[in-house]
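Visitor: Pasting the sequence and the predicted coordinates here, then a few questions.
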There are 2 protein chains.
Amino acid sequence: MNCGIAQAMSALGDRWTLLIIREALLGTRRFADFQSNLGIAKNILSRRLRHLVRRGIFEKFDAGTRGQRFEYQLTDRGRDLLTVVSALRQWADKWVYGEGNEPLVVKDRRRGRRVPKLRLRDADGRPLELEDLLIEPGPGANDETRQRFG
Amino acid sequence: MNCGIAQAMSALGDRWTLLIIREALLGTRRFADFQSNLGIAKNILSRRLRHLVRRGIFEKFDAGTRGQRFEYQLTDRGRDLLTVVSALRQWADKWVYGEGNEPLVVKDRRRGRRVPKLRLRDADGRPLELEDLLIEPGPGANDETRQRFG
DNA sequence: TCACATGGTTTTATAATGCAACCTAATGTA
DNA sequence: TACATTAGGTTGCATTATAAAACCATGTGA
């Protein structure tokens, strides 16, 4: 399928993967910490991490001084999922928990102020609604995509 | 689990749901159109749509003039997933397809310019990196969350 | 040497997914 | 009126993913 969402879902689209990435964005690096913070079965965690390493989202390396002690660290590709994870959290904060019931708040460390919601904006910074968008086939479009959006 | 990502994944976290929402954001409303545009099995589509209606992300109504003809429309809660879907698409455009190979481009309809990437910013509009963020327990935090982030 | 922590794999059971075939109620068409 | 078609599903069955629990290999500290 010639579609970014499909590609993203094929890398991230199971119940655990984005939770694992959320944990990693919060600083978790070790197998046992992922396991106990998430409450995920070890075999599932093992498989997900292997998959994410293959996809280039995590890097696994031995951080032991005299012996093995593995750590999983996000690559640049993985760290760039911060936007996705933030968007999901903001959606749930608004529509699942509701304003004033958020389990976590995200602040700007320098100023201590809450980080504003992500929002699509035009090049001048004006907010965009769904109706303001125009979808066109891009340089990597295949025939099917060109036919549908051309 | 006292966590927005977990809540969001429980509503959206299977391989098809976000693709269905993507389709709906592009304007698709009818069962058969979802099915043929996505190539999803009808029973899966049926189940996912029912689930999404129960969750308040779609609304199903009969748009037939003399007979039934159902349509599925996004609610406000569903339309607000535009940010999530956009973040996923932007991630895949960058890290799966690579710049210059995007299957679709999103433009501002009024000006015809490409919509800039979503990015976390502070209240003054300055871009924020992961390291700039401070995570704190919110008003809806439970004991476990307070312990971990307090 | 013994116990224990880390970082897994294996086994077995249950749940979710996916394909193909079938079904029903309205409409359209000769 | 008969016949086909479209919309919107359901049912059955095979495949795949997830989960819990047990087991295991390596290293480490007392």
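Guide: It's in. Numbering: from 1, shown residues only, chains lettered A, B, ... in the order given.
Visitor: what about the top helix by length along chain A and DNA strand D, any contact?
Guide: Using DSSP state H, we find that the single longest helix of chain A is helix A:42-54. Yes: if you take C-beta under 7 Å from any atom of the strand as the test, helix A:42-54 does meet DNA strand D, through A:Lys42, A:Asn43, A:Ile44, A:Arg47. In short, each C-beta sits where N, CA and C put it, glycine included.
Visitor: measure A:Asp93 to B:Gln7 for me?
Guide: 9 Å (C-beta to C-beta, to the nearest Å).
Visitor: ok, those two, which is more surrounded?
Guide: The neighbour count for A:Asp93 versus B:Gln7, taken as other C-beta atoms under 10 Å in any protein chain shown, is higher for A:Asp93 (24 against 21).
Visitor: List the contacts of the more buried one.
Guide: Contact analysis of A:Asp93 by C-beta atoms under 8 Å, 6 or more residues apart in numbering or on different chains lists A:Glu99, A:Glu102, B:Gly4, B:Gly138.
Visitor: that older thread, near DNA strand C, which of the residues of helix A:42-54 next to DNA strand D show up?
Guide: Restricting the residues of helix A:42-54 next to DNA strand D to those touching DNA strand C (C-beta under 7 Å from any atom of the strand) yields A:Lys42, A:Asn43, A:Arg47.
Visitor: So which of the residues you listed is the closest to DNA strand D?
Guide: Nearest to DNA strand D among those is A:Asn43, at 4.3 Å by C-beta to the nearest atom of the strand.
Visitor: What parts of chain A come near DNA strand C?
Guide: Residues of chain A lying near DNA strand C by C-beta under 7 Å from any atom of the strand: A:30-32, A:42-43, A:46-47, A:49-50, A:60, A:68-71.
Visitor: List phi and psi for A:Phe70.
Guide: Dihedral pair for A:Phe70: phi -80, psi 150, per degrees, to the nearest 10.
Visitor: My guess is it contacts A:Asp62. True?
Guide: Yes: counting by C-beta atoms under 8 Å, A:Phe70 touches A:Asp62, with 5.8 Å between them.
Visitor: Tell me which of those two has more neighbours.
Guide: Taking other C-beta under 10 Å, A:Phe70 and A:Asp62 do not tie; A:Phe70 has more neighbours (13 against 10).
Visitor: for that one, what are its contacts?
Guide: If you count contacts by C-beta under 8 Å, 6+ apart, then A:Phe70 has A:Arg30, A:Phe31, A:Lys60, A:Phe61, A:Asp62, A:Ala63, A:Gly64 around it.
Visitor: and what of A:Leu12?
Guide: The contact partners of A:Leu12, by C-beta under 8 Å, 6+ apart, come to A:Leu18, A:Ile21, A:Leu81, A:Val84, B:Leu88.
Visitor: Turn those into CSV, columns for secondary structure, pLDDT and distance to DNA strand D.
Guide: As requested, those are exported to CSV (DSSP: H, G, I helix; E, B strand; the rest coil; pLDDT from 0 to 100; distance: C-beta to the nearest atom of the strand, whole Å):
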residue, secondary structure, pLDDT, distance to DNA strand D
A:Leu18, helix, 93, 11
A:Ile21, helix, 95, 14
A:Leu81, coil, 96, 18
A:Val84, helix, 96, 18
B:Leu88, helix, 95, 18
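Visitor: Looking at those, which two lie furthest apart in space?
Guide: The distance between the two most remote of the contacts of A:Leu12 (C-beta to C-beta) is 12.4 Å, for A:Ile21 and B:Leu88.
Visitor: With neighbour numbers in mind, choose between these two.
Guide: Taking neighbours as other C-beta under 10 Å, A:Ile21 and B:Leu88 compare with B:Leu88 leading, 27 against 23.
Visitor: Before I go, just wanted to say thanks for your time.
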